[in-house]
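J.: got a predicted structure here, sequence first:
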Amino acid sequence: MTRTVRIIGAPTDYGANRRGVDMGPSAIRYAGLADQLRSADTEPVDAGDIRAPHAEECDPDTRSVPTGTAQFFEETKTVCTQLADTVESTLETDELPIVLGGDHSVAIGSVRGSAAAGPLGAIWFDAHADLNTPATSPSGNIHGMPLAALLGIGEFADQSWATAPHLREENLVLVGLRSVDEAETRLIEQRDFTVFTMSEIDSRGITAVVEEALAVATDGVDEIHVSLDLDWLDPTEAPGVGTPVRGGVTYREAHSAMEQVAATSAVRSLDLVEVNPTLDQHNETAELATELAASALGKRIL
Ligand SMILES: NC(=[NH2+])NCCC[C@H](N)C(=O)O
Ligand SMILES: [Mn+2]
Ligand SMILES: [Mn+2]
């Protein structure tokens, strides 16, 4: 049976410190996402974009956290609540939601909405750990906090709009890290999720690492969320991102990982985030995002 995939744009950029990632959903659509999804034997339906304010029309200091800095906290709460509802109702009709960011703060909404459908594992392909809280964040940008939010860490403990109780921490895996802040390092040591850095990919190879990551993510749960931050790839392959970090995975490693993801048939929902067309070259990062989405949903070379 052909799976219906619902494309949901979440055009935010207030979660990052560089403007322009709100144009990601358009760039990914123009790059041919629908055609790529058809070539993966799925039937795309485009739900358009959810409403998100521009950073310029908001007061960056609005926040309702007791300590620390989380810029555009109220806007994040409003947008992620709406996105979580959209993702949840998409799953109720048995469609697979693909959320187009936007900055990575949108994953608070997509994962929460996805986890509403029942126990969920997750794989976070990213250069960053996205585990900061308002008190530990060096930047105050919420795109560096979505995993802390979803797990209810620190100041997020009493923010029920942000937490995802059915996201199982023991089935959460971060892959490809190479830029980790001090407080994030401590959390990685203390908490129950699993982390694979780029060093592990260097020594063991992408296939072995992703195989183990998927085994952990699917151990005891039927389905996973895949969050693909395009800065996971090396900036030479994906220049159109706001927080590039050298030393990422190659084009072929990324495809290979997504093909392994598809082979599990366990994907409940997917994010494609952090594509910033104002920093891109000829939309190549958006095109890459469409190709990787197709691979993650089953497109094969032969
Ligand atoms: N989703 C991302 N690109 N996150 C980048 C986060 C960078 C840094 N760790 C911060 O918290 O500000
Ligand atoms: Mn990142
Ligand atoms: Mn990220």
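T.: Yes, it's here. Ligands and ions are numbered 1, 2, ... in the order given.
J.: residues from the stretch 201-302 of the chain in reach of ligand 1?
T.: Selection of the stretch 201-302 of the chain residues close to ligand 1 by Cβ under 6 Å from any ligand atom yields 229, 231, 243, 274. For the C-beta atoms, the positions are set from N, CA and C on the backbone; glycine is no exception.
J.: just those residues now: which is nearest residue 54?
T.: Residue 54 has its nearest neighbour among these in residue 274, at 17.5 Å by Cβ to Cβ.
J.: could you measure from that closest one over to residue 191?
T.: With distances taken as Cβ to Cβ, to the nearest Å, residue 274 is found 23 Å from residue 191.
J.: in the chain, spot the helix with the most residues.
T.: Secondary structure of the chain read by DSSP state H shows that its longest helix is helix 73-92.
J.: touching ligand 1 at all, that helix?
T.: No. Helix 73-92 is not in contact with ligand 1 by Cβ under 6 Å from any ligand atom; minimum separation 12.9 Å.
J.: and that helix, which residues are buried?
T.: Under the neighbour-count criterion of 16 or more other Cβ atoms under 10 Å, helix 73-92 has 73, 75-84, 86-88, 90-91 buried.
J.: from the residues you listed, pick the one nearest ligand 1.
T.: Nearest to ligand 1 among the buried residues of helix 73-92: residue 76, at 12.9 Å, using Cβ to the nearest ligand atom.
J.: wait, that closest one touches residue 108, no?
T.: Yes. In terms of Cβ atoms under 8 Å, residue 76 counts as a neighbour of residue 108; the distance is 6.9 Å.
J.: who touches both of those two?
T.: By Cβ atoms under 8 Å, 6 or more residues apart in numbering, residue 76 and residue 108 have these common neighbours: residue 142.
J.: for stretch 6-21, what is the average pLDDT?
T.: What stretch 6-21 shows for mean pLDDT is 96.
J.: whoops, I mixed them up, stretch 231-245
T.: For stretch 231-245, mean pLDDT rounds to 98.
J.: neighbouring contacts of it?
T.: 16-18, 20-21, 27, 103, 125-128, 143, 175-176, 178-179, 229-230, 246-251, 254, 274-281, 283-286, 288.
J.: likewise stretch 47-55?
T.: The list of residues contacting stretch 47-55 from outside it, by Cβ under 8 Å, 6+ apart, reads 6-14, 19, 22, 25, 72, 75, 79, 82-83, 86, 90, 102.
J.: same thing but 6 Å
T.: Contact with stretch 47-55 is made by 6, 8-14, 25, 75, 79, 82-83, as judged by Cβ atoms under 6 Å, 6 or more residues apart in numbering.
J.: nearest to residue 267, of these?
T.: Taking those together and measuring to residue 267 by Cβ to Cβ, the closest member is residue 6, at 13.4 Å.
J.: other SSEs contacting the helix or strand where the closest one lies?
T.: For residue 6, the host element (DSSP states H and E) is strand 3-10. Applying 3 or more Cβ pairs under 6 Å, 6 or more residues apart in numbering; DSSP states H and E, we find strand 3-10 packed against strand 42-49, helix 73-92, strand 96-101.
J.: now render these as CSV, adding mean pLDDT and distance to ligand 2.
T.: Listed next are these as CSV, based on pLDDT from 0 to 100; distance: least, Cβ to the ion, whole Å:
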stretch, mean pLDDT, distance to ligand 2
strand 42-49, 98, 22
helix 73-92, 97, 17
strand 96-101, 98, 11
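J.: got CSV for those, with distance to residue 210 too?
T.: Formatted as CSV, the helices and strands packed on strand 3-10 follow (distance: least, Cβ to Cβ, whole Å):
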stretch, distance to residue 210
strand 42-49, 21
helix 73-92, 24
strand 96-101, 20
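J.: where does residue 281 sit: helix, strand or coil?
T.: Classification of residue 281 by DSSP: H, G, I helix; E, B strand; the rest coil places it in coil.
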